[in-house]
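In: next come a sequence and a model predicted from it.
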Amino acid sequence: MDVLLTQFSHGAGCGCKISPSQLDIILDGARSELRFPGLVVGQGAKDDAAAFDLGDGRVILSTTDFFMPIVDDPRTFGQIAATNALSDIYAMGGQPMMAVAILGWPLDKLGADVAAAVVAGGRQACETAGIPLAGGHSIDTPEPIFGLAVTGIAQKSQLKTNAMADADCAIFLTKPLGVGILTTAQKQQKIRPEDLQNAINTMCQLNKIGADLATLAGVSCITDVTGFGLLGHLLEICEASHIKAVIDAKAVPLLPNVVDYLQQGCVPGGTMRNWQSVQHQVAGSNGQTLDQQTQRLLCDPQTSGGLLVMVRSSAMADFQAHCYQQGLNLTPIGKTLAESATDAGPRIEVI
């Protein structure tokens, strides 16, 4: 009997994430964390991974990410979940070293053989990244959950954090948006096979290019776009770096036929939570509220989404040439601006 994993979970992929506004409440007491010697990146700026200084010019990176099924095939689910977790290391400018698995499994509903296929998919992603899946932990849960805790390493001089973005940078996105909409169309049984395969292909694509881009002097900041959507993750950078940003909505790349499914009502549950969390810091042209379609596209929760990269104007040619060599033909989707000390307006303008 074929197993349809998405029937066993109330959410899907990174769309399961707690909203940014609610997460702020949960983590409020942790913001005054003790300053441990060597901890150079903690929770303060909402970065993709924690970083600990080894004292020899390198930092150890540590992150974890897990979620409920976003596709029905067990092995593919494992591969996507692992690829998504590895992305946090690449987004910090690092290289993964090893991973351990996190598995929650409803054994009364799904057999151990199905869980084995999920873990095999995770192992496949790790092997593609060139690292071992070295162990893990499992518990019996009401819904299936899988992900990784990943350890990585980076040169301290090449570490990229949310607080490092400069004004007057071009903004690039390395993968198209729309995964949340397409996987919602799958759950609603509206999706065409070729459109689902496009979503799977992009989710299974490692963000290894992040480690390469971190070596370029003109790249000031990198983060990955996941469950909070493009606007949510961009806002984290703007707040941490004390800058503003302008996004050209027409320049943002989308997976094929995403707007068609959006018009059919395929809206992930996390989309509105994302918009409610960022709307106070986002405005359209001339201060207008964004139209509903733009809201839903730019707040679409991504799973294993692309990298959001800030590039200084002096380095544009080198950056684009490097991306082209890696098979990416990227154009800017916006720019960063200096923040005025007297400007109390929204941090992000969408034109």
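Out: Cool, got the structure. Numbers count the residues shown, from 1 in each chain.
In: break this protein down into its domains, please.
Out: 5-158, 162-350 (automatic domain parsing).
In: and these, which one's lowest on average pLDDT?
Out: Note on those: domain 5-158 shows the lowest mean pLDDT, a mean of 89.
In: in the chain, mark out all the strands, start to finish.
Out: 39-41, 50-53, 58-67, 95-105, 133-140, 145-155, 169-173, 219-224, 243-247, 282-284, 307-312, 334-338, 348-350 (DSSP state E).
In: so which elements touch the first one?
Out: I take that to be strand 39-41. strand 50-53 (3 or more CB pairs under 8 Å, 6 or more residues apart in numbering; DSSP states H and E). Heads up, the C-betas are built off the backbone N, CA and C, glycines and all.
In: what about 10 Å?
Out: With contacts defined as 3 or more CB pairs under 10 Å, 6 or more residues apart in numbering; DSSP states H and E, strand 39-41 has these neighbours: strand 50-53, strand 58-67.
In: if you compare those strands, which one is most tucked away?
Out: strand 58-67 (a mean of 22; mean count of other CB atoms under 10 Å).
In: strands paired with that one, and their directions?
Out: strand 50-53 (antiparallel), strand 145-155 (antiparallel) (DSSP bridges).
In: and Gly136, what does it touch?
Out: 99-103, 119, 122, 146-149 (CB atoms under 10 Å, 6 or more residues apart in numbering).
In: end-to-end on stretch 151-160?
Out: Here the two ends of stretch 151-160 are set 16 Å apart, with distance taken as CA to CA, to the nearest Å.
In: for Thr6, see how far away the nearest residue in space to Leu297 that is not next to it in sequence is.
Out: With sequence-adjacent residues excluded and distances taken as CB to CB, 6 or more residues apart in numbering, Leu297 is closest to Leu177, at 6.2 Å. Per CB to CB, to the nearest Å, Leu177 is found 20 Å from Thr6.
In: adding distance to Phe228 as columns, could you present the helices and strands packed on strand 39-41 in TSV?
Out: Compiled in TSV, these are given as follows (distance: least, CB to CB, whole Å):
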stretch	distance to Phe228
strand 50-53	18
strand 58-67	13
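In: right, and those strands - which one's nearest Ala85?
Out: strand 58-67 (4.0 Å; CB to CB).
In: run the chain-centre distance for the closest one.
Out: 13 Å (CA atoms, centre = their mean, to the nearest Å).
In: export that strand to CSV, keeping only CA atoms.
Out: This file holds the C-alpha atoms of strand 58-67, laid out as CSV (Å, rounded to 0.1, in the frame of the first residue of the first chain):
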residue,chain,number,x,y,z
ARG,A,58,37.7,29.4,12.6
VAL,A,59,34.3,29.1,14.2
ILE,A,60,32.1,26.0,14.8
LEU,A,61,28.6,26.4,13.6
SER,A,62,25.6,24.6,15.1
THR,A,63,22.0,24.4,14.0
THR,A,64,18.9,22.3,14.0
ASP,A,65,15.8,22.1,11.8
PHE,A,66,12.9,19.6,11.5
PHE,A,67,9.3,19.5,10.4
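In: which ones are touching the spatially most central residue of the chain?
Out: With distances taken as CA atoms, centre = their mean, Thr226 lies nearest the centre of the chain, 2.7 Å away. Residues in contact with Thr226 (CB under 10 Å, 6+ apart) are 13-15, 17, 48, 65, 67, 84, 87-88, 91, 179, 232-233, 301-306.
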